[in-house]
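**Student:** Structure for the following, please:
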Amino acid sequence: MISIGGVTVSFGGTSLLDNISFHIGENDKIGLVGKNGAGKSTLMKLIVGEQQPSSGHIEMPSDISIGYLPQIMMHSRGKTVMEEALTAFSHIHRMEAEIESVSSALASRTDYESSEYEALINRFNTLNDRLSLEGGEAPEVRAAKTLFGLGFREEDFGRPTETFSQGWNMRIELAKILLSSPDVLLLDEPTNHLDIESIAWFEDYLKAFRGAVLLVSHDRRFLDRVTSRTVEIMLGHIYDYKVPYTRYLSLREERMASQNAAYENQRRMIEKTEEFINRFRYKPTKSNQVQSRIKALEKLEIIEIDQTDNSALTLRFPKAPRSGDVPFMGRDLTAAYPGKTVFTHADIEIRRGEKVALVGRNGEGKTTLMKLITGQLEPSAGEARLGHNVNIGYYAQNQEDILDGNDTVYGTLEKIAVGDVRMRLRDILGAFLFRGEDIDKKVCVLSGGERARLGMAKLMLQPFNLLALDEPTNHMDIRSKDVLKQALARYDGTLVVVSHDRDFLEGLVDKMYEFRDGKVREFLGSVDEFLESRKIENLKELEQRFKEPIEHKEVKSQEKVQAGMRYDKIKARSREDRKVRNRIAWLEDMIGKNEERMHEIEKILANPLPNDDILDLTREYLNAKRDVDDWTLEWSELSESIDN
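**Tutor:** Take a look at the predicted model:
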């Protein structure tokens, strides 16, 4: 259906895609994989005609329809959610108008045996067949079902699109694409802003979709459930596997191992042959054997090993200046927008050096709290206060709102760099995989993953002591996520992060605030402990919502309401005890870690090396000792209260 033949895309002599060829069949479900910046988004733009190849061709039927969801898009304004969704049915109106036109043309002709008349008949039948495939349901009903599937509620349908976040507007655009019934879906990271229920609905939709799908995603489970073929882009080349993602990984590893073994065997054979030739080249009795082996080498087809992209992000945050003991405190916080209260009466305390995760359903207030912390928003009630000497580095969920699309990669950092850092900008960008002519690219042409890396590079240029990161791994590949996690684990400042990624948060954070039903609840402990307490397997399950169809809504019985009230009272009685016990467990863990570090410093100070900074080590030791003394006193008081 779509044929990519010998396509090359070059920028200033460097090939992003190098003579790639493959075919997309009518019902193919393809996962397009590769590192950030490998060319996945570029390939999609080539297919839809937004970009032209340097050489090669892309062929497809003239009447094929493509639904394309890019990572970054412009959103419509001035309509309600339902009105905007219904614009997807413009193709139906066009077909109806064309059917009427063809019907009129047929009625006026009498050349029943001509090829022109036959062509009109065929077109009339094709249009009627397509129209019948649209189904018998009214557009409003179909739109409502799709919007429900993507997480909207009935009361959202009448809200203007501009009152929704960018993530929710992406869902509206996705709904429009699905409702337009295209022949091919090109989806560039469609699950980044979807909750677990919406992802489950979307998986079922794509499985049943009667058309081709080309899908970019870093969600391994989603790829396995939806795709049956994996196309990898690596160093400009295409590797096509007729299997889902997890099976592709094992086949790729087997292929590389087999290639390496064959390469090593051939290399040893060549070395031994060359050794024989050099040894007996001038010995008459061996001349025939020497000539035979020379000819064999000349005919030998040399085994080549596929190149692998081993480039990796290297990331270390600058040392954080010391802030006050409590970088952020919120007391009796209420956050609201016109017509909507997000959360009420929240008490939040983030202490120096803590690594805190904000978790919960989309739309419950995680990003809102980030805006309160960074001063972009004032609370509707209560108090939000930053501590002494707090310098915030903020990573927004949507980097396109922060980065200037008209600036270059290099210019983005040059604008904010000061002092000696200006001399190291190329090295810093190289560490974030922007090399050579990449640094002269305009921000507007970068992929989502490249923008994510550039946004993170900006945070490196100033020594922030509070990092506020809103979904920092959304567009990052698996290796980049791991490197970022390691860098944040070493970071000595305070961290507040919004993420749904359990693997990313586990071992990184030691406290969480859960946003649920308009309330904010504190949990002290690891991600695994939190999930165990909620009896769920992953953070995405926090977003599970059980919606009843409009026609089957029921009012809860009085007995259920009373039972719920009794249950709430029981929970309230035990909540304080759990909170205290969690705090005690956290204190014991932190005291142990600090005492262990103090012992390490004592050993170093007892026998310092020339490169050891005695002043810094002494300062770190005294800070750790002060924290241990404070925490030990608090532990003693809390333990006594539990015993009593």
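
**Student:** give me the element Ser323 is part of.
**Tutor:** Ser323 is located outside every helix and strand, with elements delineated by DSSP states H and E.

**Student:** residues touching it, list them.
**Tutor:** Taking Cβ atoms under 8 Å, 6 or more residues apart in numbering as the contact definition, Ser323 lies against Arg352, Gly387, His388, Asn389, Val390, Asn391, Asn465, Leu466, Gly493, Thr494. Using the backbone N, CA and C atoms, a C-beta is placed for each residue, glycine as well.

**Student:** Please identify which pair of these lies farthest apart.
**Tutor:** When these are compared pair by pair using Cβ to Cβ, the two farthest from each other are His388 and Gly493, 14.0 Å apart.

**Student:** So Asp438 sits against Arg426, correct?
**Tutor:** No. Counting by Cβ atoms under 8 Å, Asp438 stays clear of Arg426, with 10.7 Å between them.

**Student:** ok, back up a step: closest one to Ala624 out of the contacts of Ser323, please.
**Tutor:** Proximity to Ala624 was ranked across the contacts of Ser323 by Cβ to Cβ; first place goes to Arg352, at 12.3 Å.

**Student:** Quick one: neighbours of that closest one, just the number.
**Tutor:** Look at Arg352: counted by other Cβ atoms under 10 Å, it has 21 neighbours.

**Student:** Now render the contacts of Ser323 as TSV, adding pLDDT and secondary structure.
**Tutor:** Rendered in TSV, the data for the contacts of Ser323 read as follows (pLDDT from 0 to 100; DSSP: H, G, I helix; E, B strand; the rest coil):
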residue	pLDDT	secondary structure
Arg352	93	coil
Gly387	92	coil
His388	93	coil
Asn389	93	coil
Val390	93	coil
Asn391	92	coil
Asn465	93	coil
Leu466	94	strand
Gly493	93	coil
Thr494	95	strand
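
**Student:** residue ranges for the strands of the stretch 351-500 of the chain, please.
**Tutor:** Taking DSSP state E, counting those that start in this stretch to define them, one finds strands in the stretch 351-500 of the chain at 355-360, 381-386, 392-395, 466-470, 494-498.

**Student:** same question, the stretch 201-350 of the chain
**Tutor:** For the stretch 201-350 of the chain, the strands defined by DSSP E, counting those that start in this stretch occupy 212-216, 229-234, 237-241, 328-337, 340-350.

**Student:** For the residue nearest the centre of the chain, give me its contacts.
**Tutor:** Within the chain, one residue has its C-alpha closest to the average C-alpha position: by Cα atoms, centre = their mean, that is Asn474, at 2.3 Å. Listed by Cβ under 8 Å, 6+ apart, the contact partners of Asn474 are Glu189, Asn192, Gln397, Gly448, Ala452.

**Student:** 7 Å - rerun?
**Tutor:** By Cβ atoms under 7 Å, 6 or more residues apart in numbering, the contact set of Asn474 is Asn192, Gln397, Ala452.

**Student:** do the same with Gly525
**Tutor:** Asn582, Ala585, Trp586.

**Student:** circling back to that earlier point, adding distance to Ile302, write the contacts of Asn474 out as TSV.
**Tutor:** Converted to TSV, the contacts of Asn474 look like this (distance: Cβ to Cβ, whole Å):
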residue	distance to Ile302
Asn192	43
Gln397	49
Ala452	40
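
**Student:** Among those residues, which are located in helices?
**Tutor:** Assignment to helices by DSSP state H places the following of the contacts of Asn474 there: Ala452.

**Student:** Include pLDDT and distance to Phe328 when you put the contacts of Asn474 into TSV, please.
**Tutor:** Listed next are the contacts of Asn474 as TSV, based on pLDDT from 0 to 100; distance: Cβ to Cβ, whole Å:
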residue	pLDDT	distance to Phe328
Asn192	77	27
Gln397	73	19
Ala452	78	24
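
**Student:** Of the contacts of Asn474 - the most surrounded one?
**Tutor:** Comparing these by number of neighbours (other Cβ under 10 Å), Ala452 comes first, having 24 neighbours.
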